[in-house]
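Asks: Just a sequence and a predicted model for now, questions to come.
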Amino acid sequence: MGTAMKRAAVILSVSTLLAAVCLPMLLPRPCSADGGPYGWNRVSVGTSRELRAVWGTGINDIYVAGDFGTVKRFNGFAWDSLYPGSKDALYGAWGTADDVFFVGGSGIALRFDGSNWQEIGSGSDSDLRAVWGNSSQHIFAVGAGGATVYGDSGGWSLLESGTNNLLYSVWGTSASNVFAVGASVDILHYNGSAWNKMFIPTNQFLFGVWGSSPDDVFAVGKSGTILHYDGHSWSAMSSKVSRDMYAVWGTAPDDVFAVGEYGLVLHYDGSEWKLMHSGVTENLFGVWGLAPDNVFAVGFGGVVLHYTGEEPVPTATPSVTPKLQPTPTASPTPSATASPTPTPAPASADVPAWVWALAAVFVLLLCGCGFLIYRRLHG
């Protein structure tokens, strides 16, 4: 083999090695249906039914709940099925160290003490969409027709809310400082004796509310709407997205998560909201966690995601058309048939043009080396 042949063979070998090593490092990693490379991973809990709520007391005691009375509990090792004795859809969950409360269709309210289920008289026959309390003695639930109920672990009674609009979420800091949001142009505030309407700078429906303190409250809703309350007034925040957001939760003023339509997950770091890669395309209806690096999200088709603390990656909103999926705007009719699991759209990462250009250079270099060897062998 001549000197030129040897040189060509060396160039071809080196080029092939560089292509094999460098290209996988340069190409962005796509998020698959089983989770992405950005901290969110899909968890199998053994159901394909819509999951609407998630809550827990610790890493060995986490609950997800949803349609047809579905309740799953993580005991630290596996997800067990619980049987509350009701087939009503369960939309909300909240609890204390001793009891977990679930609310749902037709005014159902359930209490679980770790072993036994008890149905609580809610005082309402309207669908209840959310529940929150600051102790087992002060529990609030909200729902359809402006229903607001209040009570303790023994029983609840109706409060006059002043609205007939559907209320989706409730959260507060005490029994005299509670916020409720829903299908209206107002946010309701409970001061310990009555609900009052608050002015907000939007005409969009709101689906979720959460805060870190009385002067740091977030509300999320339709078309990328995010509002913030500073203790005096509500102001609009830029989400940089146009998709609906169904729930919000966080650990601190600079660590807030919002989830929503078509696998949408946003994170707020105290200065701006950033889009995160969830790795799924299903609607996400609930979010809750134990710590900044231990967060769960639940949604359509039995989706459960677990976040383990990777930094969010700023990116443009994916330009895809969301599939038609049930949203919290309508109460599903209980049925014995499980909800179908949609086939996720192919997930992919946006590959910059310079990466493709570099890949083309590698390919051309390989082709050139191959052609040179061919000429030497047959010339």
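Replies: That came in fine, so what should we check first? Small disclaimer: the values here were computed from a predicted structure and weren't measured.
Asks: Distance-wise, check Arg52 relative to Gln137.
Replies: Distance, Arg52 to Gln137, by Cβ to Cβ, to the nearest Å: 26 Å. Where C-beta positions appear, they are placed from N, C-alpha and C, glycine not excepted.
Asks: So for those two, which sits in the more crowded spot?
Replies: Arg52 (28 against 12; other Cβ atoms under 10 Å).
Asks: Pop the domain breakdown of this structure in here.
Replies: Annotated domains of the chain cover 3-26+354-378, 42-350 [automatic domain parsing].
Asks: For the longest one, give the mean pLDDT please.
Replies: So that's domain 42-350. Averaging pLDDT along domain 42-350 yields 89.
Asks: and that domain, how far from the chain's centre?
Replies: 9 Å (Cα atoms, centre = their mean, to the nearest Å).
Asks: re the thing from before, any idea which of the domains of the chain is most buried?
Replies: Mean neighbour count (mean count of other Cβ atoms under 10 Å) peaks for domain 42-350 among these, with a mean of 19.
Asks: so Val280 makes contact with Val303?
Replies: Yes - counting by Cβ atoms under 8 Å, Val280 touches Val303, with 5.6 Å between them.
Asks: where do the contact lists of the two overlap?
Replies: Common contacts of Val280 and Val303, defined by Cβ atoms under 8 Å, 6 or more residues apart in numbering, comprise Arg42.
Asks: For Ser193, what are phi and psi?
Replies: Dihedral pair for Ser193: phi -130, psi -30, per degrees, to the nearest 10.
Asks: And it, how far from Leu51?
Replies: Distance from Ser193 to Leu51, by Cβ to Cβ: 36 Å.
Asks: Kindly report the same for Asn283.
Replies: 11 Å.
Asks: Need the overlap of contacts for the two.
Replies: Common neighbours of Asn283 and Leu51, using Cβ under 8 Å, 6+ apart, are Gly299.
Asks: and the closest residue to Val256 other than its chain neighbours, what does it touch?
Replies: Nearest non-adjacent residue to Val256, counting by Cβ to Cβ, 6 or more residues apart in numbering: Gly250, 3.4 Å away. Residues near Gly250 by Cβ under 8 Å, 6+ apart: 210, 212, 218, 256-257, 268.
Asks: can you tell me which two in those are farthest apart?
Replies: Ser212 and Phe257 (12.3 Å; Cβ to Cβ).
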